[in-house]
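> with the sequence up front, the predicted model follows.
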Amino acid sequence: MGIGTVTPHPSAKLDVESSEQGFLSPRMTSEQREAIDNPATGLLVYDIGDSAFWFYSGIAWQSLETEPPIIPEIPVDYLFSNLSQSGLAGAGPTILGSNLIPSSATDLDGRWLDFHAFGTISSDSSSIIFRFEGNDLIFPLTNQGDWEAKIRVYRESSLSMKISGTLTVGTYCITRNSSVAHNFDGDMLFQILCSQDPVILNGVGLEGYSISRVN
């Protein structure tokens, strides 16, 4: 049977065609839909309660409203602490903060993560290091004051990434870029570290940082 057409499709019992009007299905509340006696499999109604189409599967009512994909949350960590004397006494860089970033956070080429960190520095000879699974972006510093860093990690392919960022201390600004190999099938360990020579008590402090996915 055709409405608006003289050649209904052979696979359809009812074929409605129109360029000016739509097909209006039965509209009812959720209570009215649930009260339908012995609904047929495939029965379709529009539920005005949740503004969605529902159909009867033969077992239960199911909504045609598609659920958005579940995207794992990117870890966000805020730290408010200074380095201790014991932390500065060890050899090599000292870890200020770290996160394990799940592989699902960068599961597609062209996706990137933004890192924002800030703190204070009172050492004239130090470096702040952003380490991504062993790949370092190093900012050597000779200035004192409040520091702020903005870093971006870009997934170029499943086996490579680009890291770029800036770190400012007052009016001083330094930029670093790097293109390195990384297998995105696994999680990525992110660390913020500092090194000093000579070691100064609380010479570098991390007040906070955040991680967010851009796309």
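Arrived safely.

> tell me, how many residues neighbour the nearest residue to residue 25 once chain neighbours are set aside?
Nearest non-adjacent residue to residue 25, counting by CB to CB, 6 or more residues apart in numbering: residue 46, 5.2 Å away. Heads up, the C-betas are built off the backbone N, CA and C, glycines and all. For residue 46, the count of nearby residues is 16 (other CB atoms under 10 Å).

> list the helices and strands the helix or strand hosting residue 46 packs on?
Element membership for residue 46 (DSSP states H and E) is strand 44-47. Contact partners of strand 44-47 among helices and strands, from 3 or more CB pairs under 8 Å, 6 or more residues apart in numbering; DSSP states H and E: strand 27-28, helix 30-34, strand 52-56.

> got those as TSV, with mean pLDDT, distance to residue 158 and mean neighbour count columns?
Converted to TSV, the helices and strands packed on strand 44-47 look like this (pLDDT from 0 to 100; distance: least, CB to CB, whole Å; neighbours: other CB atoms under 10 Å):
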stretch	mean pLDDT	distance to residue 158	mean neighbour count
strand 27-28	94	48	14
helix 30-34	91	45	14
strand 52-56	89	37	16
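
> burial measure for residue 38, as a count.
6.

> which residues touch it?
Residue 38 makes no contacts at all, as judged by CB atoms under 8 Å, 6 or more residues apart in numbering.

> swap in residue 214?
Taking CB under 8 Å, 6+ apart, we find residue 214 in contact with 111, 112, 113, 114, 152.

> pull out the buried members of these.
Buried members of these, scored by 16 or more other CB atoms under 10 Å, are 112, 113.

> could you dump the helices and strands packed on strand 44-47 into TSV with distance to residue 188 added?
Listed next are those as TSV, based on distance: least, CB to CB, whole Å:
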stretch	distance to residue 188
strand 27-28	50
helix 30-34	45
strand 52-56	38
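
> these: which one's closest to residue 93?
strand 52-56 (54.2 Å; CB to CB).

> thinking again about what came up before, which neighbours in the sheet does the strand holding residue 46 have, and how are they oriented?
Strand pairing for strand 44-47, determined by DSSP bridges: strand 27-28 (parallel), strand 52-56 (antiparallel).

> not counting its own residues, what contacts it?
With contact meaning CB under 8 Å, 6+ apart, strand 44-47 is reached by 25-30, 33, 36, 52-55, 63.

> can you mark which positions in it are buried?
Under 16+ other CB under 10 Å, the buried positions of strand 44-47 are 45, 46, 47.

> how about the helices of the chain, start to end?
Counting by DSSP state H, the chain has helices at residues 30-34, 85-89.

> about what we covered before: ok, the residue nearest to residue 25 to residue 23 distance?
As judged by CB to CB, to the nearest Å, residue 46 and residue 23 stand 11 Å apart.

> check residue 36 too.
Taking CB to CB, one finds residue 36 at 20 Å from residue 23.

> who has more neighbours, the two?
Shown here are residue 36 and residue 23; by other CB under 10 Å, residue 36 has more neighbours (14 against 8).

> I am finished for the moment; much appreciated.
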